[in-house]
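> Requesting a structural model of the entry that follows:
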Amino acid sequence: MHAVRLPECELGRTAMKDLLPMQPKDVLETFADIGDLMRDTGFVQSNPIEQGVRNCVACYRDYFKV
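Okay, the predicted model is just below:
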């Protein structure tokens, strides 16, 4: 729900939510690891998700002139 609240805060609107039970192919947990990517490319994540959502909303508003 954190990922839903972030754009809500940026847009000043509440999302219309239709909360459903888990679906057959929903992922319960993940073990994603970017360690190899960081080692091989020198990539280091520097922006928190809050900043990424803020940037995305700003880009959307600029592109669509809203």
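
> Show me the helices in this structure, by range?
2-11, 35-41, 49-64 (DSSP state H).

> and the residue of the chain most remote from its centre, what does it touch?
Most distant residue from the mean C-alpha position of the chain: Asp40, 24.5 Å away (Cα atoms, centre = their mean). Residues near Asp40 by Cβ atoms under 8 Å, 6 or more residues apart in numbering: none. The way it works is simple: take the backbone N, C-alpha and C, and place the C-beta from them, glycine included.

> That one and Asn47: what is the separation?
The spacing between Asp40 and Asn47, counted by Cβ to Cβ, to the nearest Å, is 20 Å.

> Likewise for Leu37?
Leu37 is 16 Å from Asn47, by Cβ to Cβ.

> Just put the helices of the chain in JSON lines and tack on mean pLDDT.
JSON lines is the format used below for these (pLDDT from 0 to 100):
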{"stretch": "helix 2-11", "mean pLDDT": "95"}
{"stretch": "helix 35-41", "mean pLDDT": "95"}
{"stretch": "helix 49-64", "mean pLDDT": "96"}
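
> Tell me which of those helices lies nearest to Leu19.
Among the helices of the chain, the nearest to Leu19 by Cβ to Cβ is helix 2-11 (10.2 Å).

> mind checking which of the helices of the chain is nearest Asp18?
Using Cβ to Cβ, the helices of the chain put helix 2-11 closest to Asp18, at 11.7 Å.
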